[in-house]
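**Student:** Below are the sequence and a predicted model; questions follow.
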Amino acid sequence: MLAARARRPLPELFPSKPVEPDLARRMEGRYVHLGESIMDLEERQGKLTMLPARRGYQTELRRLGNHLIVDDRLAYGEEFLPQEDAIQTGLYQLERRDIPKPDPAPDQWAGLIGEYGWDYDTLYILEKDGKLTALIEWFEYDLLTEESRDVFRFPDDGLYDHEPAVFKRDAKGYATEVRIGGVAFKRRPIAGPTSGEAGPVFRIQPLKPVDELRRQALASRPPPESGEFLKPDLVELVKLDPSIKLDIRYASTRNFLSAPMYQEARAFMQRPAAEAVVRANRKLKALGYGLLIHDAYRPWYVTKMFWDATPDEDHIFVANPQEGSRHNRGCAVDLTLFDLKTGQPVPMVGGYDEMSERSYPFYPGGTSLQRWDRRLLRHTMEAEGFTVYDFEWWHFDYKGWRRYPILNLRFDEIRSRK
């Protein structure tokens, strides 16, 4: 604009570009200098995201020639030169390390972790690398210094320069608000105690009675499709690998509609997708984990029941029956991790089928261990050809799902066709 005002030739602009997905995945990890953690890099939905190790802004790294440059709405200009297992800055070289498995967060912080404030000003309280941390305005991370059980203090710079954060707890020990600078940030409803799989089942009030939804769905027909499709070859996961565990929520009342959808607790997938799940399970065994399946192939009529039962504002968590679900094609799976030693599900940031932002695969809250386990699940599944759904950390779609038709077979009909 200054050049235009002075009627000088306009400067040549060199816009940055997104980092190539393969490079972004290779660069994921923790970067250290002289043994001190400086930052973490993480590939998020095609973007390379930089997270500060202690305090600072979350920003995006983009490609500019041979360099990477900080370039997003909040910051621009800092450059990095990617190298083999390192990146070079103008001052020094940062060595790449795998992010180690974190220790569990201290028990006394469990009642503090969550969301506070309003839609337009949300304050996240989380545990990060052994420190209670505040995420402010969705981008600034500040490590809090503990002064007492319920009083913490912000660092000497940032949006809340040296302010105390005073938590107020209820009789069960869970914070109902945090007061900062004279302002009370009330706990947000979706950010209750981090329940994970051990917590209560998420439930909604269906828009219609379940029996009515079932009758209407069974009387309907899947949308017509054109083109050539592969012949379905649905196989049962546990028959390929008996060490895979099942917790088929829709064969019980432990689901968001509080009613059985399936007559049997079984999990089928198209053979290539099922074999990929088996490979992922074998990789996880070496780390002390196994796969726990919540759902796999789903008849189309059940997808229609979910859609018709769910309010419009939560439709991002259920598939539109007019388009069909990847589940209907036998190429999607809902799953989590379980601990091989205990046999128990691994707690995640949010629970299965929870219709809140905690279900997003890159939701920033919770504990370091919960986010590490969530990331391990995603990386393991992605390495076998799956892609995580944007709004559900547990839902993975297998590559080539478009090549299979929408199916409306019940489980007993699958067996009868074998």
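**Tutor:** Nice, thanks for sending it over.

**Student:** what about residue 94, which helix or strand?
**Tutor:** Taking DSSP states H and E as the definition, residue 94 sits inside strand 93-97.

**Student:** That strand pairs with which strands?
**Tutor:** strand 29-33 (antiparallel), strand 86-88 (antiparallel) (DSSP bridges).

**Student:** Return the distance of that strand from the chain's centre.
**Tutor:** 26 Å (C-alpha atoms, centre = their mean, to the nearest Å).

**Student:** which residues are in contact with it?
**Tutor:** By C-beta atoms under 8 Å, 6 or more residues apart in numbering, the residues outside strand 93-97 that reach it are 27, 29-33, 38-39, 83, 85-88. All C-beta atoms are positioned from the backbone trio N, CA, C, and that covers glycine.

**Student:** so where is the stretch 101-250 of the chain shaky, pLDDT-wise?
**Tutor:** 190-199 (pLDDT under 70).

**Student:** quick one, strands of it?
**Tutor:** 114-118, 121-128, 131-136, 140-143, 145-146, 151-153, 164-169, 175-180, 183-186, 234-236, 245-246 (DSSP state E, counting those that start in this stretch).

**Student:** Quick one, which of those strands gets closest to residue 8.
**Tutor:** When those are compared by C-beta to C-beta, strand 140-143 sits nearest residue 8, at 37.5 Å.

**Student:** Can I get the closest one as PDB, trimmed to CA atoms?
**Tutor:** What follows is strand 140-143, C-alpha atoms only, in PDB (Å, rounded to 0.1, in the frame of the first residue of the first chain):
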ATOM      1  CA  GLU A 140      -1.300 -18.600  23.900                       C
ATOM      2  CA  TYR A 141       0.100 -21.300  26.200                       C
ATOM      3  CA  ASP A 142       1.100 -20.300  29.700                       C
ATOM      4  CA  LEU A 143       2.600 -22.600  32.300                       C
END
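
**Student:** for the stretch 301-418 of the chain, what spans make up the helices?
**Tutor:** Under the criterion DSSP state H, counting those that start in this stretch, the stretch 301-418 of the chain contains helices at 368-382, 411-417.

**Student:** Export these as a markdown table, with columns for mean neighbour count, mean pLDDT and distance to residue 98.
**Tutor:** Formatted as a markdown table, these follow (neighbours: other C-beta atoms under 10 Å; pLDDT from 0 to 100; distance: least, C-beta to C-beta, whole Å):
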| stretch | mean neighbour count | mean pLDDT | distance to residue 98 |
| --- | --- | --- | --- |
| helix 368-382 | 20 | 96 | 11 |
| helix 411-417 | 13 | 81 | 41 |
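
**Student:** returning to that earlier point: just name the lowest-scoring one in the contacts of strand 93-97, pLDDT-wise.
**Tutor:** Lowest pLDDT of the contacts of strand 93-97: residue 38, 88.

**Student:** Am I right that it is in contact with residue 51?
**Tutor:** No: counting by C-beta atoms under 8 Å, residue 38 stays clear of residue 51, with 10.5 Å between them.

**Student:** In CSV, list the helices of the stretch 301-418 of the chain along with distance to residue 109.
**Tutor:** Output for those, formatted as CSV (distance: least, C-beta to C-beta, whole Å):
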stretch, distance to residue 109
helix 368-382, 11
helix 411-417, 43
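
**Student:** ends of stretch 66-80, how far apart?
**Tutor:** 9 Å (C-alpha to C-alpha, to the nearest Å).

**Student:** Kindly report the same for stretch 307-315.
**Tutor:** 7 Å.

**Student:** What are the contacting residues of that stretch?
**Tutor:** Against stretch 307-315 from outside (C-beta under 8 Å, 6+ apart): 204, 206-208, 210, 213, 216-217, 257, 317-321, 355.

**Student:** Spatially nearest residue to the residue most central in space within the chain (excluding sequence neighbours)?
**Tutor:** What sits nearest the mean C-alpha location of the chain, by C-alpha atoms, centre = their mean, is residue 361, with 1.1 Å. The shortest distance from residue 361 to any non-neighbouring residue, by C-beta to C-beta, 6 or more residues apart in numbering, is to residue 393 (4.3 Å).

**Student:** what do you get for residue 353?
**Tutor:** In space, residue 353 is closest to residue 256, 4.7 Å off (C-beta to C-beta, 6+ apart).
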